[in-house]
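S.K.: Have a look at this prediction, sequence included:
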Amino acid sequence: MEVSQAVRESILPLGAKRVMLEQASDTLETIVLGASHGDHAFDPASIPNSFNLCYRSLDLKHGYYLYQRAIALCPNLKNIVLFYSVSSPGDVLELDPDDGDIGPLFSALFDLGVEYQSDRLNNLTQALSQQLREGMAATLIEEAAKLDGYAGFFPNDKGAVAASEFKTRLLSHIRHNYESGADYYLLKILALANRLGHGVTLVIPPVTSLYRNTLGTRSSTLFRELIEVVGLFPWAVPIQLINAYDDEAYRDSFFVDSDHLDARGEGTRMLSRAIAEKVLGPEAAAQVAAARQTPRSAIQDLFRSPSE
């Protein structure tokens, strides 16, 4: 079966996330969802029993289905962290001309049961699911064990967007920001979390000064609807919001391109710590941060299932 470049590039890292999620499912309490900003910027070592389910181009629709899947897999799930960037309001993965096929890959790997308007994407989901049943899953388990990462986080396997693509991407981001079709699934995620009593932390990720200044719009305008949703509804568990968009403490040197933090750098450590403080509380987050002085191998051991 011939597949697109996006699928070829994504099948191993997403397959590894699937394998790791299944292995850790009994102990997981916190999952983190979002696109590439979260994939770069959340280190699960900052929150015990957490998992990074973020991946490039992941939209709110697939995030909702992944959340449902995590609920079914993880009996101790208590918290959800959701990255929400400039383009999130209008991002629809299945319409993306470059990454659209990643949607069926998500659906097949995680058994999401997503239905698409496109027959081609539905057929691709079925074909990929068939491949998994016929032996691809065993190969993924074997290959995933070779990757340098833990709990869905692979800090050494992160690229950067070419500087030449900056203006094109920025125009795409602002166009999607003006749209709001994807926010239907944001409300579904929040409503489901509210019904289950899960803690919710929304994260608006930081960007470089170049991105912020070129766009020329403050976060209070870009994310007005999100901020209103958080403040207006009587949530069973109050929603917590981290707005790092305007935060100049995230220096330009912390980024690998205009809007992605270096997964191995100080910016990711800062944002992961800020998320931990919201999820765990400041004191517990500080204790975890102190314990992170241990070597990487020891941290990885914390995330291995008892059967390994």
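M.R.: Yep, that arrived.
S.K.: all strands for the stretch 151-300 of the chain, in order.
M.R.: 199-204, 240-243 (DSSP state E, counting those that start in this stretch).
S.K.: Reformat those strands into CSV and put mean neighbour count and distance to residue 272 next to each item.
M.R.: Quick note: C-beta positions are derived from backbone N, CA and C, even for glycine. Output for the strands of the stretch 151-300 of the chain, formatted as CSV (neighbours: other Cβ atoms under 10 Å; distance: least, Cβ to Cβ, whole Å):
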stretch, mean neighbour count, distance to residue 272
strand 199-204, 22, 10
strand 240-243, 18, 11
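S.K.: Tell me how many other residues crowd residue 170.
M.R.: 19 (other Cβ atoms under 10 Å).
S.K.: From what I see, it and residue 211 are in contact.
M.R.: Yes: A contact is recorded between residue 170 and residue 211 when judged using Cβ atoms under 8 Å, the distance being 6.9 Å.
S.K.: Identify the contacts common to the two.
M.R.: Any residue near both residue 170 and residue 211 by Cβ atoms under 8 Å, 6 or more residues apart in numbering counts here, and that gives residue 258.
S.K.: Can you lay out the strands of the stretch 151-300 of the chain as TSV showing distance to residue 215?
M.R.: Conversion of the strands of the stretch 151-300 of the chain to TSV gives the following (distance: least, Cβ to Cβ, whole Å):
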stretch	distance to residue 215
strand 199-204	13
strand 240-243	15
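S.K.: Arrange those strands in JSON lines, one row each, with mean pLDDT as further columns.
M.R.: Below are the strands of the stretch 151-300 of the chain laid out as JSON lines (pLDDT from 0 to 100):
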{"stretch": "strand 199-204", "mean pLDDT": "98"}
{"stretch": "strand 240-243", "mean pLDDT": "96"}
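S.K.: Of these, which is nearest residue 47?
M.R.: Ranking the strands of the stretch 151-300 of the chain by distance to residue 47, with Cβ to Cβ as the measure, places strand 199-204 first at 10.2 Å.
S.K.: Output the closest one as PDB, restricted to C-alpha atoms.
M.R.: Presented in PDB, the C-alpha positions along strand 199-204 are these (Å, rounded to 0.1, in the frame of the first residue of the first chain):
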ATOM      1  CA  GLY A 199      -9.100  18.900  35.900                       C
ATOM      2  CA  VAL A 200      -8.500  20.900  32.800                       C
ATOM      3  CA  THR A 201      -5.400  23.100  32.100                       C
ATOM      4  CA  LEU A 202      -5.400  25.100  28.800                       C
ATOM      5  CA  VAL A 203      -2.100  26.200  27.500                       C
ATOM      6  CA  ILE A 204      -1.500  29.000  25.000                       C
END
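S.K.: Look up how far residue 37 lies from the spatially most central residue of the chain.
M.R.: Nearest to the geometric centre of the chain sits residue 54, at 2.1 Å (Cα atoms, centre = their mean). Counting by Cβ to Cβ, to the nearest Å, the separation of residue 54 from residue 37 is 8 Å.
S.K.: Give me the common contacts of the two.
M.R.: With contacts taken as Cβ under 8 Å, 6+ apart, the residues that reach both residue 54 and residue 37 are residue 83.
S.K.: Counting by contacts, list what the lengthiest helix in the chain packs against.
M.R.: Of all the segments of type helix in the chain, defined by DSSP state H, the longest one is helix 5-24. Contact partners of helix 5-24 among helices and strands, from 3 or more Cβ pairs under 8 Å, 6 or more residues apart in numbering; DSSP states H and E: strand 50-52, helix 60-73, helix 102-110, helix 137-144.
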